[in-house]
Structure formats: C-alpha cells, structure tokens
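Novice: Structure for the following, please:
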Amino acid sequence: MINSKPKKNIVLDLDGTLLDSRRRHAAVLSDCINQINGIASTYTNFDDFVPYKTEGNTGLAYLKNKGIANAKGIFSLWKKKIEEKKYLEIDTLYPNVRESLEILKEQYNLFLITARANTENTMWQLSQLYIDTFFTGIFVVPNTGNVGDNKYVAVKSLPITYVIGDTETDYDLAKRVDSVFFPLNCGFRSATFWQQHIGKSYGNIHEILPQITTIL
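Specialist: This is a model prediction of the structure:
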C-alpha cells in the first residue's frame, strides 16, 4: 500500500510575480496623462515609472515628483483603466513561469491571490495566458481598503507552507499565516529594497525551485 502524504499549500501573487506588467503600467499612465493633460504633454517617456515604484514609492508620488499637472486626477483615472482588457493584453509571463508552475503543481496545491477590482477580467487574462488550470484555488480580493487584510481573510483558513510574492503586502501575509516567504525582485520591489528589509530575494520563481527542494 502506498503511503501518500497530502500536498502542502503554496500561495502565489500574480502581478510582478508571475506576470510582467511593467509595460502595461507605463502604457496606461501615458494614456491617462494624454487624456487629462492633452497629447502635447511635456512627459512622454515613462520607462522609469515601475523602477521608481520598485523602491517602495507610489504612483502618485511619481507623478508629483515629475511635476506633472493634475497628478491626483491622473492617478485616479489610472486606477480605473489599469484592468481594462486592452491593457491586460500587454502583459506577458516571466520566463519559465508555466514550466515552474507545472513542477510545483506536482508537489503542492497552488493558490493564486491577487488584489484587483475586476474579477471577470482577471479570470479572462489567466485563461488567455493558459495558467488558470495550475491552481487549486484563485482568490481575487478587493484592491481597496487594507489589501493586506483582504488577502489574509481570503486564505487564513488554509495551512500555508510558502508564500511567493514581490511586495511587502505578500511578506506581511506570510508572517500572518506563519509561513516561509520567498521575495521576488522582478516585479514591484527591487533586490535593493528586499536587501534593506529582509535580505535575499530571487529573480523569478524558477530560481526558488531548488530552494524549496532543499527545504523539503
């Protein structure tokens, strides 16, 4: 008789962890500035938008730092448009994501958690990227209020072994559910940010696989 142990659970973040959404964030920002300030806006290159955020800064702070007029209105519009399908189509998976999820799925139950406003568009995007079937459960929680609390409430009943994510919200979640956290520096927080706060970080989820194998 084969003694099969139940699989342990891993919670993974989406944006900045599995998805490279840097070009989407910049594209939406550019369109919002053009819509509110006009096509002739002084600033047209926003390649530094996400790098600015990786050091722990906000999008609103970026606009103010750039001296862009109507910063609050632009940022408010950005939040409304960021999950439209035409922009979600810009996103790509980071290298080796599907392969890594395939490996992890063999050993763990995978749960995806993301803070977004539009659940329908999120599920559509996951299907378009062919990664929806990797997950035992998918939690799309509100991106308003206390996002950390929203994520915690969604998964608090699960025994979670590992949390993989790219922001301090994911780190806080790992602490609250008493699990091991693997920080990624490919998304919205840099390697420098993580080094200053908790130490080592990883360039993508594929780099974590040997570490998890070692832990087991």
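Novice: For the top strand by length along the chain, name the packing helices and strands.
Specialist: With DSSP state E setting the assignment, residue counts place strand 108-115 as the longest strand in the chain. Using 3 or more Cβ pairs under 8 Å, 6 or more residues apart in numbering; DSSP states H and E as the contact criterion, the neighbours of strand 108-115 among helices and strands are strand 8-13, strand 137-141, helix 147-155, strand 160-165. Heads up, the C-betas are built off the backbone N, CA and C, glycines and all.
Novice: Please repeat the previous calculation with a cut-off of 7 Å.
Specialist: strand 8-13, strand 137-141, helix 147-155 (3 or more Cβ pairs under 7 Å, 6 or more residues apart in numbering; DSSP states H and E).
Novice: So for the second one, what gets flagged as buried?
Specialist: In terms of neighbour count (16 or more other Cβ atoms under 10 Å), strand 137-141 has its buried residues at 138-141.
Novice: Reformat those residues as TSV; add distance to Leu158.
Specialist: Rendered in TSV, the data for those read as follows (distance: Cβ to Cβ, whole Å):
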residue	distance to Leu158
Ile138	13
Phe139	10
Val140	16
Val141	14
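Novice: Go ahead and produce CSV holding the CA coordinates of the lengthiest helix in the chain.
Specialist: Counting residues, the longest helix found in the chain (DSSP state H) is helix 22-37. The C-alpha coordinates for helix 22-37 follow below in CSV (Å, rounded to 0.1, in the frame of the first residue of the first chain):
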residue,chain,number,x,y,z
ARG,A,22,5.6,46.9,-16.4
ARG,A,23,4.7,47.9,-19.9
ARG,A,24,1.0,47.9,-19.1
HIS,A,25,1.5,50.2,-16.1
ALA,A,26,3.5,52.7,-18.2
ALA,A,27,1.1,52.5,-21.2
VAL,A,28,-1.9,53.2,-19.0
LEU,A,29,-0.1,56.1,-17.4
SER,A,30,0.8,57.6,-20.7
ASP,A,31,-2.8,57.3,-22.0
CYS,A,32,-4.2,58.9,-18.8
ILE,A,33,-1.8,61.8,-18.9
ASN,A,34,-2.7,62.4,-22.6
GLN,A,35,-6.5,62.2,-21.8
ILE,A,36,-6.3,64.7,-18.9
ASN,A,37,-3.4,67.0,-19.8
